[in-house]
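*Asks:* pasted the sequence and its predicted model underneath.
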Amino acid sequence: MSVSNMLENWSKFRHMHPVDDKPHEEYKWAMSIDLDACSGCNACSVACYAENNLPVVGKQKFDAGQQMHWMRIERYWDDDGREFPDQGAQFLPMLCQQCEAAPCETVCPVGATNHTADGLNSQVYNRCIGSRYCSANCPFKVRYFNWYDYPTTDNVWPAEMTQQLNPDVTVRGKGVMEKCTFCVQRLERAKNNARTEGRLVHDGEVQTACQQACPTGAITFGNLVEPESKIARQWAHQQVELAARDKQAKDEQEGGSDLRGYRIFEELRAYPSVMYLERVRESAI
Amino acid sequence: MIENSFNRRDFLKVLGWGGTAVALSACGNTSIQDGVETVVSYVELPEYAIPGISVYFNSTCAQCDAGCNITGRLREGRVLKLEGNASSDLNHGKMCGLGQAGVQAHYNPDRVREPLLRNGDKGEAIAWDKALGLINEKLAGVKGEEIAFLTGGVSGHVKVLLNNYLEALGTKNHYSYEAVSPSVVRAANKKAYGVEMPRLRIDKAKVIVSFGADFLGAWVSPVHFAQQYAKFRKANENGRGVLVQIESKMTLTGANADRWIPIRPGTEGIFALGVVNALGSAGLALPADIAAVSKSYDAERVTKDTGVSGEQVTKLAALLKERSPSLVIAGSAAEGYAHGSQNAAAIALLNRVLGNVGKTIEAPASVPFPQVTVSTGNRSAVQALNDSMTNGKVKVLFSLGANPVFTAPSALKFKENLSKVPFKVVFANFLDETALEADLVLPLDSALEDWGTSVPEYMGEASQLNITQPLMEKLHPNTRGMGDILLSLLKQRREKEYKDYEDFYSYLRSAIVKNKSALGGNGEDDDTFWTAALSTGMVHFTSAANSLSAKSSAAGLVLPPPAEEDSAYPLHLIPQVTASMRDGRNANQPWLQESPDPLTTIVWDSWVELHPKTAAKLGIVEGDIVEVTSRSGSIKAQAYLFPGIHPDAVSVPLGYGHVALGRWAKGVGANAFGILDQVVDKETGELALNETRVKISKTGKRVFIVKDEGAVGGSQAGVKIAVRASTDEVELSGEV
């Protein structure tokens, strides 16, 4: 895609869901993560390694920032200078937010990352040339680049370890960008099964690997188009709109909102598909 | 996959041979890489095996002792992923990271593959017949009391066979040793409630006060507790639950508390009695014995001894009085002292005063067959074994599932004493530190290849017998299941009794089917019952519920004053049991090494946690390699400045610092077990984990810590990323 082409047809490339001329039809996958339930235990992250053939890079490459955890737990402390973190730590599971107006998509020179009809920010490995512009432009820093050819790197998948690899998911080679897919292999299977039976995917029929493992059930995932799905009811109750501009309407009220739902970097207008629910701490103690 | 000389024509031929079933055999390890295996189609396609479609089998997680029920996902005869078994009472389809990594224990390239006999410094592969014959030979002429069997926690039918074998050998020397054992908890519970493991109803409590029980991380049955915790946090009919954690070093559970209270190490019991006293002052009627014990613990004394403000104690008492039922849990942090049992007893009084016994502390379901329940043990077991070895009283030693050379306190000189045993047999999946000292190493099947049963120590609603079944064919032809080995050994002794059992599977099947009436299969056909048991991966005991006896009396409870300062070794060492590493037996699973520690985000190494204040005093900055020296030894590791720790304490994770166990464990970090002083809890003999005093010195070297958090540490720099709100700011009712 040349620069002139990109500039001329900007609105076409910058086409985002959902807009009036092209709403989501059958599916719009979305997630919510309840930070009050999340204990920061890392089970989701390990489940993601198992499901998505993520390489273990080792200490040296981890130090160079080359770790490949599509799902990571960020840990924050209070910034208010108290001596002890006496209200605990803040844990935040961070994964690709599957933005509806994804900043990564518009900068890909080869169209390797683009939007699917069911609202995923997809990454076409075969098309990726490794410019890493997408990663530079991602506000959440959830894109991971294969600096090495991990299948042939020592002690990544030696001998029998290759047998654990999930055949539904590609093993990526050197020079390719990768990231969370919302377990697209599971979604596709569920959609195919549903299509064969002439129906839509039921709510709860498909789980992402992280959601399935989460011991506290902090992660909810489903189809936002179906109004009765748990995810749609959650978003509705929290009054979080997928295509809100700059700010959610509820946050513009005077005094703010007493609902917990929010999206990270709302003001960037990336329209993330992941809603977080604020962590709550008791005021009586 | 299809490349090089495997051209299109060949590919079409292959398709012609076997249709879509090419390249797949029933349960083998075939691949169609060039020259690796011949492509063979199914002669007879198993009914359930459709290429490209996953099949699922139920089994039991063997990564820790919680015994969660798991479902293995298989494709073309290979296990790909472990998931929670949705019909389990314990883990309800959920799983922790440690459990997930079970596949890496199975596929680990460093597994022992052949029986190894010591020849100088090397192990020579020998045949199984020869190995088993050698054991028989070495046992000849050895008296029963000169034979010892060391195990970790064993339960189920392997334990039955093990006990039969010990009986056949005429020995009672079964030493059960868990390096990180909740044995003080067990003893204290037994005293306070009449049972060792009562059911804790975290989901029913409105307030939880946990004295260092890391129930979301590594304590007893974390996945089970985590689900109860999720219910506890929901704004349901009980309202949103409040968690208060009191400990000297923040655990994962502490990091999730509404209020985390750092306390001077060892003074947890004093704090508990202070709360009892405050409850009395707030108007709660105290039984006379409790009032007598707690009356001198006024706010002033508690503040002086524990370092926690009187206001905090009063606030906590008010909350507990207002919101009932609550639940008070004594965890390993409170119990890891020479007076650990007293601490636990004082904490148990709180439950009695608050009327929680019977409400949030319930009787567990009982197991009607004591012969299958888990054998428990602690440091005193390894001490007893060590004493026998020192005196040359052990001629033959068997070891299964324990690694005392790595975990035992250095004062025992276990490795040295082990060498006094003329013949040592270790059953192992990996060559760990103890297996390296063996004369004969017998390779075991992995937990995903073996048959077996186990009984979790902590039960959910009903008591259950977990079934372990092979999820796939053996990876290595010369490994064997522990049950099969024991059966072979038993046949050497009691041929008549066991000759009908061709293998452990047939023994197991007949043992379970024979007792089907006690396992909920009354009147069912044998085959139907067995098939159902295998398909669910567990059977339930039909048994009467236990009852609790709230008999804890405060009489005789004496708490020592806070520990005195030690000018030579000024800091308290708090070894941490992390959710991934535990006692170190899973350190060779790379997912766990690369999974950041939740609190420090450090990977692939040990670290020394210091409060920034303490670090400033010592002139230490992040990444300084420091030497932590106790009276028993010293280790070197990188310093990490951590706000969630009492300034009088330092903390080092356990489980790192292997000198063996395989490529991903060896040489990673430092072994903190080695510097623990051998101070024990006076009542149980359990190692008092937190009693070691240390000093810290800089070595002059400095490294960049390899961790997941960014350059600004844990700061959000004013941006709304991970948001916290207090309960009076949010409306929780009506949430979906």
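*Replies:* Arrived safely.
*Asks:* please count neighbours and contacts with C-alpha atoms only from this point.
*Replies:* Noted.
*Asks:* residue B:109 and residue A:160 touch, don't they?
*Replies:* Yes - contact criterion C-alpha atoms under 8 Å: residue B:109 and residue A:160 qualify, at 6.2 Å.
*Asks:* who has more neighbours out of the two?
*Replies:* residue B:109 (18 against 15; other C-alpha atoms under 10 Å in any protein chain shown).
*Asks:* helix or strand for the more buried one, which one?
*Replies:* Using DSSP states H and E, residue B:109 falls within no helix or strand.
*Asks:* from residue B:351, how far off is it?
*Replies:* Counting by C-alpha to C-alpha, to the nearest Å, the gap from residue B:109 to residue B:351 is 49 Å.
*Asks:* secondary structure class of residue B:517, three-state.
*Replies:* At residue B:517 the chain is in helix, as set by DSSP: H, G, I helix; E, B strand; the rest coil.
*Asks:* check the gap between it and chain A for me.
*Replies:* Taking C-alpha to the nearest C-alpha, to the nearest Å as the measure, residue B:517 falls 34 Å from chain A.
*Asks:* my read: that residue touches residue B:523, true?
*Replies:* Yes - checked against C-alpha under 8 Å, the pair residue B:517 and residue B:523 is within contact range at 7.3 Å.
*Asks:* which one's more surrounded, those two?
*Replies:* When residue B:517 and residue B:523 are compared on other C-alpha under 10 Å, the one with more neighbours turns out to be residue B:517, at 14 against 9.
*Asks:* quick one: least confident helix or strand in chain A?
*Replies:* Lowest mean confidence among the helices and strands of chain A (mean pLDDT, DSSP states H and E): helix A:10-13, at a mean of 66.
*Asks:* average pLDDT for the helix or strand that that one is followed by?
*Replies:* Following helix A:10-13 in sequence order, the next helix or strand is strand A:29-34 (DSSP H and E). Strand A:29-34 shows a mean pLDDT of 97 in the predicted model.
*Asks:* pLDDT score for residue 237?
*Replies:* Using chain A here. For residue A:237, the pLDDT comes out at 96.
*Asks:* chain B was what I was after
*Replies:* pLDDT, residue B:237: 86.
*Asks:* quick check: the gap between it and residue B:231.
*Replies:* Look at residue B:237 and residue B:231: by C-alpha to C-alpha, they are 11 Å apart.
*Asks:* more neighbours: these two, which one.
*Replies:* Taking neighbours as other C-alpha under 10 Å, residue B:237 and residue B:231 compare with residue B:231 leading, 21 against 8.
*Asks:* so the more buried one touches residue B:203, yeah?
*Replies:* Yes - using C-alpha under 8 Å, residue B:231 is in contact with residue B:203, at 5.4 Å.
*Asks:* how about low-confidence regions in the chain?
*Replies:* In the absence of a named chain, this looks at chain A. Across chain A, residues meeting the criterion (pLDDT under 70) sit at A:1, A:10-21.
*Asks:* chain B was what I was after
*Replies:* B:1-41, B:550-552.
*Asks:* domains for it, by residue range?
*Replies:* As assigned by automatic domain parsing, chain B contains the domains B:1-53, B:116-179+B:369-540, B:183-362, B:571-702.
*Asks:* near chain A at all, the third one?
*Replies:* Yes - using C-alpha under 8 Å from any C-alpha of the partner chain, we find that domain B:183-362 touches chain A at B:216-217, B:223-224, B:226-230, B:233, B:242, B:252-262, B:312, B:315-316, B:319.
*Asks:* which outside residues touch the longest helix seen in chain A?
*Replies:* Counting by DSSP state H, the longest helix found in chain A is helix A:184-196. The contact list for helix A:184-196 (C-alpha atoms under 8 Å, 6 or more residues apart in numbering or on different chains) reads A:168, A:169, A:200, A:201, A:205, A:206, A:207, A:208.
*Asks:* just stretch B:264-272 next, same as before
*Replies:* For stretch B:264-272, the surrounding residues in contact (C-alpha under 8 Å, 6+ apart) are B:211, B:246-248, B:297, B:302, B:305-307, B:334, B:337, B:342-347, B:350, B:559, B:561-563, B:572, B:646, B:648-649, B:690.
*Asks:* only whichever of those residues are buried, select them in ChimeraX.
*Replies:* Entered in ChimeraX, the line below selects the buried ones among these, by 16 or more other C-alpha atoms under 10 Å in any protein chain shown:
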select /B:211,246,247,248,297,302,305,306,307,334,337,342,343,344,345,346,347,350,559,572,646,648,649,690
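*Asks:* can you name the residues that contact residue A:78?
*Replies:* Contacts here follow C-alpha under 8 Å, 6+ apart; on that basis residue A:78 touches A:85, A:89, B:714, B:715.
*Asks:* quick one, phi/psi of the last one?
*Replies:* Recorded main-chain torsions at residue B:715 are phi -90, psi 140, according to degrees, to the nearest 10.
*Asks:* how near is it to residue A:250?
*Replies:* Counting by C-alpha to C-alpha, the gap from residue B:715 to residue A:250 is 27 Å.
*Asks:* and if you look at the third one?
*Replies:* Residue B:714 sits 29 Å away from residue A:250, going by C-alpha to C-alpha.
*Asks:* for residue B:160, give me its contacts.
*Replies:* The contact partners of residue B:160, taken as C-alpha under 8 Å, 6+ apart, are B:371, B:372.
*Asks:* figure out the helix or strand that it lives in.
*Replies:* If you go by DSSP H and E, residue B:160 is part of helix B:156-169.
*Asks:* now do whatever helix or strand comes next after that helix: which elements does it pack against?
*Replies:* Next in sequence after helix B:156-169, counting helices and strands by DSSP H and E, comes strand B:174-176. Packing contacts for strand B:174-176, counted by 3 or more C-alpha pairs under 8 Å, 6 or more residues apart in numbering or on different chains; DSSP states H and E, involve strand B:147-151, helix B:379-390.
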